[in-house]
Structures are given as C-alpha cells and as structure tokens.
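[1] Predicted structure and sequence below. I'll ask about it afterward.
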Amino acid sequence: MGPPPYRHAMGGCWTEVFRHGQWGPAVFECLPGHRATVRDWALRQRVPRASPRELHLPDVDAWAVLDGGITSIHGYGLTSLPCGVRVVGFPTFRLLLAELGLAGPLLPFPGETVLEPDELRRRHRSPEARSAAAVEQAELLAACRDAVLLRWVATTLVG
C-alpha cells in the first residue's frame, strides 16, 4: 500500500483523531488537537466549497467529499452545535483515514460498505466530485449550524 500521499500524514489510530457517534452514525468529530490538519487537508482538495457568512450565526466552511463532506464551524452565534470540525459519510471518513495514514476500525460500522483506499481516491478525483450536484452538496453541508440539521443532512447524504 505504501505511505499516505498527504504531506501531514499522522500515523496512529483513528480514535486518536476522531470521535464517533454523538452527531449520528456517519458523523465523526475531529478532536481539538487535529482540527487544523483536517481543515488543511480539506482546503487542498479540488472539490466544491461553501462558506456562508451571516450576522449572529457561526461561520461554516463546508467541502463536498464523496457521499458526504467536511464541515468546520467557528465563531459564535445561536446554535446547538459547538464549534469544531466534522466528517460526514463513511467513504469520506475512510478516505481521510487513508490520506492521513491512520489505522481504521477493524470492523465496518453498522450500515457501512468499506471500499479500498485506491477506489475512494479514484472517485474523489473524478469529474463527478466537482459537478453541480457536488456544489449543492457543499451548500447543504454549509447549512449545518445546529445538531438537528447536521443529523438530517448526514442521514440524507448517506441514505
């Protein structure tokens, strides 16, 4: 398999970087010490990004990646979702693990179909990854400023 292609490869286990379960079955929260690395990875991707800025609401950056994406919420405002970086979707999560050189879970999560990293990378680099539907996906993810909407969007995208 060789070393991961991303220049900030971490190594280690996925549980050192992500927490699973609080926001839905296919949502992974990035732990505080690793948020910058995940955001840096997302910023380097050639995928649609949405970054709405509204008064009295936290800022959200969202990237459409495979069947889900990455969201980064920062700032202050009226929301039930705390600031942080989240990965939405099992394939997005598995691609990120491969890119960062992290060991994944031994068994698939309930409802997950595990694909090989090379297949995930191929899909991630395909023209569909930058299609009009992917732009809409990024915009949908960028609307996730509260926990209820994040759960609904994650269920919609993954389903």
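    Thanks, I have it.
[2] Could I get the buried residue list for stretch 36-47?
    Going by neighbour count (16 or more other C-beta atoms under 10 Å), the buried part of stretch 36-47 is 37-39, 41-42, 45, 47. All C-beta spots, glycine's among them, are computed from the backbone N, C-alpha and C.
[3] how close does residue 19 get to residue 56?
    Counting by C-beta to C-beta, to the nearest Å, the gap from residue 19 to residue 56 is 28 Å.
[4] Actually, residue 99.
    Using C-beta to C-beta, residue 99 is found at 35 Å from residue 56.
[5] The least confident helix or strand in the chain by mean pLDDT: how far from the chain's middle?
    The helix or strand of the chain with the poorest confidence is helix 147-158; it has a mean of 88 (mean pLDDT, DSSP states H and E). Counting by C-alpha atoms, centre = their mean, to the nearest Å, helix 147-158 is centred 13 Å from the centre of its parent chain.
[6] Contacts for that helix, please.
    For helix 147-158, the external contacting residues (C-beta atoms under 8 Å, 6 or more residues apart in numbering) are 23-27, 67-69, 71, 80-81, 86, 88-90, 111, 137, 140-141, 143-144.
[7] Ok, stretch 52-66 next?
    Contacts of stretch 52-66 (C-beta under 8 Å, 6+ apart): 39, 42, 45, 47-51, 69-79, 83, 89, 91-92, 95-96, 120, 123-124, 129, 134-135, 137-139, 141-145.
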